[in-house]
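# quick one, what's the 3D model for this:
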Amino acid sequence: MQQSKAQHHIRARGITIVGSCGIEEIYRQDAETDKHDIATIALYERTFGGAGLCLATAYSHIDQHAPIYFHSVVGSQMSEGQLQRDCDGELIFKFLNKRKFKGLSLQMPVGAVTEKNIIVLKDSRRSGYRLASKSSDVARKSFDPQNTRLLEDFQNSHSLIVTSFTPEVAVVLFKEFANSSKHTGVEKLCACYTLNSEIASLLCDKSSLQKELAAHINVICLSEEEFDILGGKNSVLHTSVPIILITRGEKGSLIIDNTQGRNEYITARAFEVKTATNDNGAGEAAHAAFIHTLISFKQSPLWKTQSLKRMLQISGYVANVAGALKIQTHSSLDFRNNLDYTIALSMCANTSIKPRMIGAHILGKYLQQHRGHTYYFELTTRQ
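Sure thing, here's the model as predicted:
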């Protein structure tokens, strides 16, 4: 019994990210041109994509110290009697292998093909649709949420982020993640589900499935449009998930605090975008930054002393900064900005600085001394 009690104080360092990956072809079209005039569309870049791959890449740049375990799925082919990744899947593996994740696992379902997307950027904003082989299933549909390697990584992780997989798969993943704590005693900090419009559509009329999800997660990240598709304030998740991040572009982000039955709306102001170039991946950058900041607070003494509203507000602003900086990059996978605010936040979280001192003065001064970027934290106690 004593050993069992001691296990509850074990703290893992890793984070597991589960989501889609694939190949993306990015095209550009002038804002004045009719979107159906395909002759005016020009290839901009062929790159790697998928919500899971983008989120894992963004998180690895924001937090360069946390062990990241990334799990996804690619297509397969038979070669010399052995099942191997298909050509696109092999390219993705080589790219991800350079990211130096603590763990990398790409499942290869038999008969599946690696996902491919075409993204059209019109006036720097994206609109996309998925292309897949008609004779085979997209690999994402065959992901095994009870894969042995995945369950092992759960035991070494304090947080789980699931993106772009169906709600039914997500429920299994979050249940297994929670169960891993019972066996190892590892403290679980964050179980987050990030939604896209497709997932929101699948959930909108399924209140029982929403309730099942809400029982196993504590954070949801989605856009304002996806929140409306989900059902907005009429959805079960609106009041049953402890923390909800709603990104709203130039309007900033909205955080819903449902802890202790509050249902309180908290606004975090936007970060100015000087020149919008490519918004592909901006949502994943914002989600990664929000989750990382929230986890940083949870791991610090500030979680017990600082106002939760204030911490959520800071986390929301950090998400806005990350998304805005991503929009100003040219490449869809350009997440090189390992945001300087994480250094300042880490300093505040790991010292005895009083919570009321978190703001523009302390953080701005620290950044000026170390990186020279004071604009990251214009945040003050005034909103």
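# determine the number of other residues adjacent to the residue lying closest to Ala270 once chain neighbours are set aside.
Of all residues not flanking Ala270 in the chain, Gly252 sits nearest, at 3.9 Å (Cβ to Cβ, 6 or more residues apart in numbering). The C-beta positions use only the backbone N, C-alpha and C, and glycine is treated the same way. For Gly252, the neighbour count with other Cβ atoms under 10 Å is 18.
# quick thing: my sequence starts at 48, can you match it?
Renumbered: residue one is now 48, and that last one reads Gly299.
# enumerate every residue touching Gly299.
314-317, 363-364, 367 (Cβ atoms under 8 Å, 6 or more residues apart in numbering).
# ditto for Ala329
Counted by Cβ under 8 Å, 6+ apart, Ala329 has contacts 370-371, 373-374.
# go again with 7 Å.
For Ala329, the contact set (Cβ atoms under 7 Å, 6 or more residues apart in numbering) comprises 370, 373-374.
# which parts of the protein are helices?
Assigned by DSSP state H, the chain shows helices spanning 49-54, 98-109, 134-144, 195-201, 214-231, 244-250, 254-261, 271-277, 284-287, 329-345, 349-352, 355-374, 388-396, 407-417.
# out of those, nearest to Thr294?
Of all the helices of the chain, it is helix 329-345 that lies closest to Thr294, at 5.4 Å by Cβ to Cβ.
# which parts of stretch 312-320 are buried?
For stretch 312-320, burial by neighbour count (16 or more other Cβ atoms under 10 Å) applies to 313, 315-318, 320.
# coming back round to it: list just the nearest of the contacts of Gly299 to Ala332.
The closest of the contacts of Gly299, once distances to Ala332 are taken by Cβ to Cβ, is Asn367, at 10.4 Å.
# correct me, but that closest one touches Thr314?
No. Asn367 lies out of contact with Thr314 (Cβ atoms under 7 Å); the separation is 10.5 Å.
# tell me the one among the contacts of Gly299 nearest to Glu127.
Asn367 (50.7 Å).
# state the number of residues packed around that closest one.
26.
# and what of Leu143?
21.
# need the pLDDT of it.
You'll see Leu143 listed with a pLDDT of 92.
# what's across from the nearest residue to it once chain neighbours are set aside in the sheet?
Excluding the flanking residues, the one nearest Leu143 by Cβ to Cβ, 6+ apart is Leu151, at 5.6 Å. Per DSSP bridges, the residues bridged to Leu151 are Phe117.
# tell me if I'm right that Leu151 and Asn144 touch.
Yes. Using Cβ under 7 Å, Leu151 is in contact with Asn144, at 6.5 Å.
# neighbour-wise, which of these two wins?
Taking neighbours as other Cβ under 10 Å, Leu151 and Asn144 compare with Leu151 leading, 17 against 11.
# where's the more buried one relative to His205, distance?
19 Å (Cβ to Cβ, to the nearest Å).
# repeat for Asn194
Distance check for Asn194 against His205: by Cβ to Cβ, it reads 20 Å.
# could you list the low-confidence segments of the stretch 248-397 of the chain?
383-397 (pLDDT under 70).
# let's see it at 80
For the stretch 248-397 of the chain, the stretches with pLDDT under 80 are 318-325, 347-349, 352-353, 376-397.
# quick one: pLDDT of His108?
82.
# wait, it sits on Asp381?
No. At 9.6 Å, His108 does not count as touching Asp381 under the criterion of Cβ under 7 Å.
# ok, Thr306 to Thr286 distance?
Where Thr286 is concerned, Thr306 sits at a distance of 11 Å (Cβ to Cβ).
# who has more neighbours out of these two?
Thr286 (15 against 12).
# for the more buried one, give its distance to Ile303.
For Thr286 relative to Ile303 (Cβ to Cβ), the value is 8 Å.
# shared neighbours, these two?
The contact sets of Thr286 and Ile303 overlap at Asn310 (Cβ under 7 Å, 6+ apart).
# and for Gln131, the neighbour number?
13.
# got a list of what it touches?
123-124.
# next one: the one 4 residues further on
Taking Cβ under 7 Å, 6+ apart as the definition of contact, the neighbours of Asp135 are 70, 122, 161.
# so what pLDDT did it get?
For Asp135, the predicted pLDDT is 92.
# again, but for Gln111
Gln111 is given a pLDDT of 75.
# that one: neighbour count?
11.
# next: Arg132.
21.
# residue contacts, it?
Counting by Cβ under 7 Å, 6+ apart, Arg132 has contacts 121, 123, 140, 153, 155.
# and it, what are its bridge partners?
Those that pair with Arg132 in a beta bridge, by DSSP bridges, are Ser123.
# do you know how far it is from Ser347?
40 Å.
# before we move on, what about Asn164?
Taking Cβ to Cβ, one finds Asn164 at 38 Å from Ser347.
# what residue, apart from its backbone neighbours, is nearest Ser320 spatially?
Ser isn't right for residue 320; it's Val. Ala371 (4.8 Å).
# what's the spacing between the one you found and Pro214?
Ala371 is 30 Å from Pro214, by Cβ to Cβ.
# okay, these two: which has more neighbours?
Taking neighbours as other Cβ under 10 Å, Ala371 and Pro214 compare with Ala371 leading, 21 against 18.
# I figured that one hits Phe318, correct?
Yes. Counting by Cβ under 7 Å, Ala371 touches Phe318, with 4.1 Å between them.
# which among the contacts of Gly299 gets closest to Lys229?
For the contacts of Gly299, the closest approach to Lys229 (Cβ to Cβ) belongs to Gly363, at 32.3 Å.
# check contacts around the closest one.
Per Cβ under 7 Å, 6+ apart, neighbours of Gly363: 292, 300, 302, 313, 315, 337.
# run the last query once more with 6 Å
The contact partners of Gly363, taken as Cβ atoms under 6 Å, 6 or more residues apart in numbering, are 300, 302, 315.
# what's around the second one, how many residues?
Under the neighbour criterion other Cβ under 10 Å, Ile302 is assigned a count of 23.
# again, but for the first one
By other Cβ under 10 Å, the residues close to Ser300 number 29.
# any idea how far the closest residue to it other than its chain neighbours lies from Ala159?
Distances taken as Cβ to Cβ, 6+ apart put Gly363 closest to Ser300, at 4.3 Å, once the chain neighbours are dropped. Distance, Gly363 to Ala159, using Cβ to Cβ: 37 Å.
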